[in-house]
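Novice: Below is the structure, and that's it, no one-letter string:
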Ligand code: MIG
């Protein structure tokens with residue numbers, strides 16, 4: 001049990017401590033915030049490159065509860081010309097909330113469902129909770145009981161609490177044997193075409209009060225009490241899931257978890273849990289996600305639109321304008337609340353939603369590059385201004401805007417009723433993404449920008465080279481390996497763009513191409529500095545403030561005069 005007192009008892013000092021046992025201290029020294037993040041993630045691990053499709057749009061709700069409902073949902077995205085890569089299935093797909101089972105009445109043929117969706121470019125992710133139903137004849141319960149896989153009372157009985165399935169037991173993920181067993185269950189879902197796993201309730205949550213401190217996790221002959229295990233329970237469940245998927249599927253696993261700890265970035269993405277459809281929670285999303293990023297968790301998102309309470313049209317539009325920049329882009333809402341698919345509001349909402357989602361798909365190659373380099377540096381995708389402008393006093397306090405990588409600055413409206421936004425631009429030259437207007441300043445400056453409901457003010461740094469995609473409604477809809485599309489903003493700068501198969505671990509053995517782009521003296525040069533992947537771009541298409549330039553790539557290189 002740990003406590004942090006950050007200026008509560010006194011503004012003169014911070015303190016932290018833990019009950020029982022000794023603390024291990026690690027000190028990081030560096031000149032910049034980026035240095036410190038790099039060192040911290042060298043110790044705790046870095047977010048691995050995800051599969052490309054995971055950067056697309058995810059639609060979720062508790063609870064889509066029949067095969068037909070999921071099919072209709074997918075069709076609505078297609079009919080509304082809205083991009084979508086993933087549909088998440090919440091607890092209602094399970095038979096009586098029993099993990100690694102499917103309710104045959106509601107989902108008579110999950111394999112057929114995922115096949116049909118795959119043809120439309122849509123994948124399924126299913127939820128899994130740790131709480132395992134107490135029921136004789138249920139394979140998870142029986143195997144776990146036979147092998148002592150569950151947490152115990154101090155007297156050595158199996159510990160029970162109540163969660164969704166009713167009386168439930170809790171797997172001991174501190175044991176490598178239990179993690180392997182749990183991981184092996186992913187086969188059941190993979191065999192039915194499931195593309196990723198969503199881990200929920202892994203604090204662990206329980207309905208009849210929290211697990212007592214003295215519940216025992218036997219481990220690999222290393223019994224520990226709940227009070228010692230609690231903080232890493234979700235982390236270890238994510239690890240079990242990641243490794244299970246990796247062994248069986250081979251591709252880069254997609255896991256999303258609610259509970260995590262230092263280092264969970266190695267195994268899983270995370271969402272920020274049960275927020276509400278209120279403006280305060282949209283406002284909070286920005287510092288929350290930026291702080292997670294600074295703590296090594298790069299691949300994170302909020303429930304877009306808010307989980308609890310009823311979302312309004314205006315809030316939905318503003319939330320998607322933040323969500324489209326968050327690394328994990330998922331709309332999710334709770335049972336009993338207003339439905340939150342964009343067409344549940346009105347046509348204007350659908351159009352605004354489409355604009356934001358299309359922008360996201362446009363920028364996926366830029367995001368993918370950020371993940372590619374992030375695996376080496378530990379730097380997050382979504383960044384507080386202070387990460388790049390440390391000496392800027394306004395940047396230190398700025399929670400109403402954020403950077404996506406080093407070159408994009410998003411200043412979304414997060415206040416009800418506002419149709420203008422006070423935007424802070426740090427020193428330097430910026431371009432308005434929507435109008436191309438150039439704004440320069442030797443010092444940071446505040447500007448007032450019109451921000452009608454369909455517009456998230458967005459700025460690009462001078463010298464930026466942004467790799468982009470043509471319009472796609474799902475990742476892989478078009479062949480994007482022929483033409484390298486770049487959006488370029490006058491100035492000096494460079495960018496490294498990566499091309500690989502977007503799903504396997506082969507990039508770790510050098511199976512990727514790296515194109516170094518250099519922008520200087522009105523010229524853009526592109527050169528392939530690592531040639532390891534069989535597909536190569538044939539041409540480069542450069543967009544620069546309304547003008548388009550095309551060039552052939554010869555031996556992976558070209559030079560474009562702008
Ligand atoms: O007790 O699975 O945070 O995303 O929809 C609620 C149902 C359990 C909590 C998760 C939420 C999910 C819900 N779960």
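Specialist: Now that the structure is in, tell me what you want to look at. What you see is a predicted model; the values in this text were computed from it and never measured.
Novice: Flag the shaky bits of the stretch 451-562 of the chain, pLDDT-wise.
Specialist: For the stretch 451-562 of the chain, not a single residue meets the criterion pLDDT under 70.
Novice: need the helices for it, in chain order.
Specialist: In the stretch 451-562 of the chain, no helices are found when defined by DSSP state H, counting those that start in this stretch.
Novice: Show me which residues of it sit near the ligand.
Specialist: By C-beta under 6 Å from any ligand atom, no part of the stretch 451-562 of the chain sits against the ligand. Where you see a C-beta, it was placed from the backbone N, CA and C, and this is true even at glycine.
Novice: Also the chain?
Specialist: 62, 90-91, 127, 200-201, 258, 273-274, 307, 332.
Novice: one more time with 5 Å
Specialist: Residues of the chain lying near the ligand by C-beta under 5 Å from any ligand atom: 62, 90-91, 200, 274.
Novice: Can you name the two of the residues you listed that sit furthest apart?
Specialist: Spanning the widest gap among those are 91 and 274, at 13.9 Å by C-beta to C-beta.
Novice: The two: who's more crowded?
Specialist: residue 91 (20 against 13; other C-beta atoms under 10 Å).
Novice: So the more buried one is in contact with residue 98, correct?
Specialist: No. Counting by C-beta atoms under 8 Å, residue 91 stays clear of residue 98, with 10.2 Å between them.
Novice: and the residue of the stretch 101-250 of the chain found nearest the ligand, how many neighbours?
Specialist: Nearest residue of the stretch 101-250 of the chain to the ligand (C-beta to the nearest ligand atom) works out as residue 200 at 4.8 Å. Counted with other C-beta under 10 Å, the neighbours of residue 200 add up to 23.
Novice: Over to residue 246?
Specialist: Neighbour count for residue 246, taken as other C-beta under 10 Å: 18.
Novice: just residue 75 next, same as before
Specialist: Residue 75: 11 neighbours (other C-beta under 10 Å).
Novice: what about it, is that helix, strand or coil?
Specialist: Of the three states, residue 75 takes helix according to DSSP: H, G, I helix; E, B strand; the rest coil.
Novice: Look up how far the ligand lies from it.
Specialist: 23 Å (C-beta to the nearest ligand atom, to the nearest Å).
Novice: Equivalent analysis for residue 440, please.
Specialist: Counting by C-beta to the nearest ligand atom - residue 440 and the ligand are separated by 44 Å.
Novice: who touches residue 60 in this structure?
Specialist: By C-beta atoms under 8 Å, 6 or more residues apart in numbering, the contact list for residue 60 reads 87-88, 90, 303, 330-333.
Novice: Looking at those, which is nearest residue 397?
Specialist: Looking across the contacts of residue 60 and measuring by C-beta to C-beta, the closest to residue 397 is residue 303, at 26.1 Å.
Novice: ok, the closest residue to that closest one other than its chain neighbours - how many residues close by?
Specialist: Nearest non-adjacent residue to residue 303, counting by C-beta to C-beta, 6 or more residues apart in numbering: residue 332, 4.0 Å away. Residue 332 has 23 neighbouring residues, counting by other C-beta under 10 Å.
Novice: Residue 332 is in contact with residue 271, isn't it?
Specialist: Yes. The criterion here is C-beta under 8 Å, and residue 332 meets it with residue 271 at 7.5 Å.
Novice: tell me, what's touching these two both at once?
Specialist: With C-beta under 8 Å, 6+ apart as the test, residue 332 and residue 271 both reach residue 303.
Novice: residues touching the residue in the stretch 401-550 of the chain that the ligand sits nearest to, list them.
Specialist: Closest approach between the stretch 401-550 of the chain and the ligand, counting by C-beta to the nearest ligand atom: residue 414, at 21.8 Å. By C-beta under 8 Å, 6+ apart, the contact list for residue 414 reads 279, 282-283, 285-286, 318, 322, 400.
Novice: make it 6 Å
Specialist: 282-283 (C-beta atoms under 6 Å, 6 or more residues apart in numbering).
Novice: and it, that one's in a helix?
Specialist: No. Judged by three-state DSSP, residue 414 forms no part of a helix; its state is coil.
Novice: roughly how far apart are it and residue 468?
Specialist: 26 Å (C-beta to C-beta, to the nearest Å).
Novice: Ok, residue 522 next?
Specialist: 21 Å.
Novice: Give me the pLDDT for the closest residue in space to residue 406 that isn't next to it in sequence.
Specialist: With sequence-adjacent residues excluded and distances taken as C-beta to C-beta, 6+ apart, residue 406 is closest to residue 388, at 6.0 Å. Listed pLDDT for residue 388 reads 98.
Novice: Then residue 1?
Specialist: Looking at residue 1, its pLDDT stands at 84.
Novice: just checking, it touches residue 19?
Specialist: Yes. Taking contacts as C-beta atoms under 6 Å, residue 1 lies within contact range of residue 19: 4.4 Å.
Novice: residue contacts, residue 286?
Specialist: So residue 286 contacts 399, 402 (C-beta under 6 Å, 6+ apart).
Novice: Give me the buried positions along stretch 289-301.
Specialist: 289-290, 292-301 (16 or more other C-beta atoms under 10 Å).
Novice: avg pLDDT for that stretch?
Specialist: Computed over stretch 289-301, the average pLDDT equals 98.
Novice: Please, where are all the strands along the stretch 151-300 of the chain?
Specialist: For the stretch 151-300 of the chain, the strands defined by DSSP state E, counting those that start in this stretch occupy 161-163, 166-169, 196-199, 216-217, 224-225, 255-257, 269-271, 300-301.
Novice: Export these to TSV and append columns for distance to residue 483.
Specialist: What follows is the strands of the stretch 151-300 of the chain, written out as TSV (distance: least, C-beta to C-beta, whole Å):
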stretch	distance to residue 483
strand 161-163	51
strand 166-169	53
strand 196-199	29
strand 216-217	54
strand 224-225	55
strand 255-257	32
strand 269-271	30
strand 300-301	30
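Novice: Ok, which of the ones you listed comes nearest residue 41?
Specialist: Here strand 300-301 is closest among those (C-beta to C-beta), at 14.2 Å.
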